[in-house]
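**Q** make a model of this:
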Amino acid sequence: MAHLLSDKAQSRCPPACPCNASVIDADIWCLVEPIPGRAATIVSVCRRWRAVALADPALWTIISDRQDRRPLTIAGQCRAAIELRLLATPSQAVRELMESHGHRIRAIRWGKANVRPSELGILATPGCRLEKLVLGMSPHLPTIGASMITPILHTQTAYLRWLTLRDCNALPETPLPNLTGLHLDGYPGPGASSALHSLLACAHKLTDLVLSNVDLVDDAAISYTHVPVQLPHLSRLVFAGCISPESAAAFLARVDLPLSTSIRVHTEPHTPLFAGLARTPAFRDATDAYVSAERSDTILTGPNAAVCFVGQDALHVSASTSLRKRVSSVNTANENLGEFGSNLGLHDRQSDRRPEGATVTVLMTRFMTVSIVLAKLARWAEAQTTHVVIGYLPTYKGDRAYTREFESAFASLEIVDHMEEPRPALPDICLKTGHCLWPAWLE
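**A** Numbers count the residues shown, from 1 in each chain. The predicted structure is shown next:
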């Protein structure tokens, strides 16, 4: 897009615009994003970047209102859905756009630390039929209460699909039955747990939930007396930011998750957290463990969902669980296999649930030696029934030599060359683009 604009900008006299073109005439940068699958045709751009005309009026969908307060005018009757990115108090031109009946505002991203309570009323104007709202409050400005935000979002009940609230001291008390995504970031207000669960109780279509920097232990003492909130369609749950293990555990104690809910954990894995995870099908039904070689991520996967511990040492994760998870396979690049396998119950003779023929896959890094790894595995009590797979990446420059006696020490020994780091065998639902196991999903 940028190079096309640059080429056109060389022209002093742009060609005439077609009658059906929408023209954005502004002294600010206007972001133009084509609708997927449709080609953007630039008709004309003046040399001072004051006007951009597109052959299809539906192709411009995003307008940014900058802080420099320069005027923004929009010519033409474009009825395409628009996304606004507000970096300051809305200018008069943007206010007129939001209040008009000729345009539909589909999404608003209101920059953090710029929203004042007195300005929120504009969200209830006729032009706002929001499917997505990202609202950031300033901790240095007066806080808003539920009585202020509730009537505003009540006007969006029929449309709102995604809601992000940052540093808001209140949650709306109005039901949002069509909500599919909720991101709550920084909620220091009292009664956070009760307010959140009241909102979730009416959001039966919710599929994505992100909780970050939220304190949910304020009324955790009464949480166990409540009937768990049913979230039948939730597929992605993320604990991010500085949320404490106690807050995560308090939340998990008050919700009933389906079999297909995968969980991404950024907080420290301590006993309270594992007590809460024990109630989730994703953790309870885990059968395989995967430790990333590039990142300190540990993933426990099962037939329907997975649990990902982000940036945590695998030994710490495995040692923190009081459940001593029994898994049938481990894929790791960690050389301390004995302790890790013991924590996950791979060679616990006392367990009646221990899976037979467990598989351990070791991805060799440049700091590991295959003979040392095999020697540690051979000392396991269940080595004779363990299937071992040694994997090498093209970057591995270490010693690959080992004695033949190791071939009879295990049920099987296989050497594999990988072109890239293999990913874990995840359930089908976890392989979808934007799943919570992968960092790019998190907003």
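
**Q** pLDDT below threshold where in the stretch 51-200 of the chain?
**A** The model of the stretch 51-200 of the chain has pLDDT under 70 over residues 51-81, 87-88, 91, 93, 101-103, 111-117, 138-143, 188-190.

**Q** which stretches of it form helices?
**A** Secondary structure of the stretch 51-200 of the chain (DSSP state H, counting those that start in this stretch): helices at 92-99, 146-154, 192-201.

**Q** of all the ones you listed, which one is nearest Thr361?
**A** For Thr361, the closest of the helices of the stretch 51-200 of the chain is helix 192-201, at 38.3 Å, according to CB to CB. Quick note: C-beta positions are derived from backbone N, CA and C, even for glycine.

**Q** who does whatever helix or strand comes next after the closest one pair up with?
**A** Counting by DSSP states H and E, the next helix or strand C-terminal to helix 192-201 is strand 208-214. Neighbouring strands of strand 208-214 in its sheet, by DSSP bridges, are strand 181-187 (parallel), strand 236-240 (parallel).

**Q** deepest of these, which one?
**A** strand 236-240 (a mean of 24; mean count of other CB atoms under 10 Å).

**Q** related to what we said a few turns ago, mind putting the helices of the stretch 51-200 of the chain into JSON lines with distance to Ala306 and mean neighbour count?
**A** Converted to JSON lines, the helices of the stretch 51-200 of the chain look like this (distance: least, CB to CB, whole Å; neighbours: other CB atoms under 10 Å):
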{"stretch": "helix 92-99", "distance to Ala306": "41", "mean neighbour count": "17"}
{"stretch": "helix 146-154", "distance to Ala306": "33", "mean neighbour count": "17"}
{"stretch": "helix 192-201", "distance to Ala306": "22", "mean neighbour count": "20"}
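
**Q** could I get these as TSV with distance to Asp167?
**A** Converted to TSV, the helices of the stretch 51-200 of the chain look like this (distance: least, CB to CB, whole Å):
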stretch	distance to Asp167
helix 92-99	23
helix 146-154	13
helix 192-201	13
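
**Q** in JSON lines: the strands paired with strand 208-214, plus distance to Ile372.
**A** Output for the strands paired with strand 208-214, formatted as JSON lines (distance: least, CB to CB, whole Å):
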{"stretch": "strand 181-187", "distance to Ile372": "45"}
{"stretch": "strand 236-240", "distance to Ile372": "36"}
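
**Q** which among these is found nearest to Ala158?
**A** strand 181-187 (16.4 Å).

**Q** could you dump that closest one to CSV, C-alpha only?
**A** Output in CSV follows, covering the C-alpha atoms of strand 181-187 (Å, rounded to 0.1, in the frame of the first residue of the first chain):
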residue,chain,number,x,y,z
GLY,A,181,-14.5,-12.5,23.8
LEU,A,182,-13.6,-10.7,27.1
HIS,A,183,-10.2,-9.2,28.1
LEU,A,184,-10.0,-7.7,31.6
ASP,A,185,-6.7,-6.0,32.3
GLY,A,186,-6.2,-4.2,35.6
TYR,A,187,-9.3,-4.3,37.7
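
**Q** residues making contact with it?
**A** With CB atoms under 8 Å, 6 or more residues apart in numbering as the test, strand 181-187 has contacts from 161-169, 171, 196, 199-200, 203, 206-215, 241, 443.

**Q** repeat that for 7 Å
**A** By CB atoms under 7 Å, 6 or more residues apart in numbering, the surrounding residues in contact with strand 181-187 are 161-168, 196, 203, 206-214, 241, 443.

**Q** residues touching Leu234, list them.
**A** Leu206, Thr207, Leu209, Leu257, Pro258, Thr261.

**Q** tell me, how many residues neighbour Trp397?
**A** Not Trp; residue 397 is Lys. Number of residues near Lys397 (other CB atoms under 10 Å) recorded here: 7.

**Q** so it, which state does it fall into?
**A** Assigned by DSSP: H, G, I helix; E, B strand; the rest coil, the conformation of Lys397 is coil.

**Q** for the one 4 residues further on, same thing?
**A** Per three-state DSSP, the secondary structure class of Ala401 is coil.

**Q** any idea which element the spatially closest residue to it that is not a sequence neighbour lies in?
**A** Residue nearest to Ala401 in three dimensions, not counting chain neighbours: Ser371, with 6.9 Å by CB to CB, 6 or more residues apart in numbering. Element membership for Ser371, per DSSP H and E: helix 370-378.

**Q** noted, bye for now.
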